[in-house]
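Q: Turn this into a structure:
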Amino acid sequence: MHMDDIMIIGDDKKGTDSLNKYLQKYFQTKNLESLKHFLGIVVTGSKKGILLSQKKYVLDFFSEAARMQEY
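A: So this is what the prediction gives:
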């Protein structure tokens, strides 16, 4: 089986670590620790929570749309 991306998050570090160890028994995994990008989404964390942003995607989308109108 091949899986590209999975994100495990939670406020219970023991629980997420336990899940990671369980998955490593059955799959080859990499723990990237601090998440910055996921599936084209920029992830920013703070004490108040997590901010997910697709600003770059939206800007690229409108830029491409503008180029297409030139033709």
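Q: Beyond the helix-or-strand element of the chain with minimal mean pLDDT, next helix or strand please.
A: None of the helices or strands of the chain scores lower by mean pLDDT, DSSP states H and E than strand 37-38, at a mean of 81. Where DSSP states H and E defines the elements, the next helix or strand beyond strand 37-38 is strand 41-46.
Q: Tell me which residues are up against whatever helix or strand comes next after that following strand.
A: Using DSSP H and E, the helix or strand that follows strand 41-46 in sequence is strand 49-53. Contact partners of strand 49-53, identified using C-beta atoms under 8 Å, 6 or more residues apart in numbering, comprise 9, 41, 42, 43, 44, 45. From N, CA and C alone the C-beta is placed, and that goes for glycine too.
Q: Out of those residues, name the two that are farthest from one another.
A: 9 and 42 (15.3 Å; C-beta to C-beta).
Q: who's more crowded, the two?
A: Neighbour count, other C-beta atoms under 10 Å: between residue 9 and residue 42, residue 42 has more, with 15 against 9.
Q: Can you name the residues that contact the more buried one?
A: Taking C-beta under 8 Å, 6+ apart as the criterion, residue 42 is in contact with 36, 52, 53, 54, 55, 56.
Q: And for the last one, the neighbour number?
A: Here the neighbour count serves as a burial measure; for residue 56 (other C-beta under 10 Å) it reads 12.
Q: hey, where'd the helices end up in this structure?
A: All helices of the chain, identified by DSSP state H, fall at 13-26, 55-69.
Q: Need the contacts of residue 42 in TSV (columns: distance to residue 68 and pLDDT).
A: TSV is the format used below for the contacts of residue 42 (distance: C-beta to C-beta, whole Å; pLDDT from 0 to 100):
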residue	distance to residue 68	pLDDT
36	30	85
52	27	91
53	24	93
54	20	92
55	21	91
56	19	87
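Q: Please indicate which of those residues are buried?
A: Buried residues within these, counting neighbours by 16 or more other C-beta atoms under 10 Å: none.
Q: Low-confidence ranges, the protein, go.
A: The chain contains residues with pLDDT under 70 at 1-3.
Q: try it again with 90
A: Residue ranges of the chain with pLDDT under 90: 1-11, 13, 26-41, 43, 45-51, 56-57, 69-71.
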